[in-house]
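Participant: sequence and predicted structure below; questions after.
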Amino acid sequence: MEQIKLTINEAIFYASVAHAIIGFLLGLIPLILGFIKKERSYAVFGFLGSIIGGAILGLLLSLPIAVIFIWLILRKPEQSAEVGGANEVPVDVKVEDSETR
């Protein structure tokens, strides 16, 4: 039987493809979760980021990217002070004018 010989470039390519597949599998989590929660932009960016991060550094980059986008999808939106919350007590404002005296 003949030995299989790989060049360094071929080994790097095969490793990148294998890690990109791992990133693809990890990226499916934010993709599916984002479509369920109607956060499509976070879903797609998390999916693509996991694939690209996986191809570059494997789990060292694809796992944190997936976790960050899962957190972004699941976090609750902050209420702005300008909009006003539902639990605020309304304030009665009395305006005095020189014409109303």
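Facilitator: The structure has been received and is ready for your questions. Numbers count the residues shown, from 1 in each chain.

Participant: alpha carbons only for contacts and neighbour counts from here, please
Facilitator: Fine.

Participant: the residue nearest the centre of the chain and I52: what is the separation?
Facilitator: Residue closest to the average C-alpha location in the chain (C-alpha atoms, centre = their mean): F69, at 2.1 Å. According to C-alpha to C-alpha, to the nearest Å, F69 stands 14 Å off from I52.

Participant: please apply the same query to L6.
Facilitator: 24 Å.

Participant: between these two, which is the more surrounded one?
Facilitator: Higher neighbour count among L6 and I52: I52, with 22 against 10, using other C-alpha atoms under 10 Å.

Participant: who's in contact with the host helix or strand of that one?
Facilitator: Using DSSP states H and E, I52 maps to helix 40-57. With contact meaning C-alpha atoms under 8 Å, 6 or more residues apart in numbering, helix 40-57 is reached by 16-24, 26-35, 59-63, 65-66, 69-70, 72-73.

Participant: and if we set it to 7 Å?
Facilitator: 16-17, 19-20, 22-24, 26-28, 30-31, 34-35, 61-62, 65-66, 69, 73 (C-alpha atoms under 7 Å, 6 or more residues apart in numbering).

Participant: what about the strands in this structure?
Facilitator: Secondary structure of the chain (DSSP state E): no strands present.

Participant: flag the shaky bits of the protein, pLDDT-wise.
Facilitator: Along the chain, segments meeting pLDDT under 70 span 77-88, 90, 100-101.

Participant: what's the longest helix in it?
Facilitator: Ranked by number of residues, the top helix in the chain under DSSP state H is helix 8-36.
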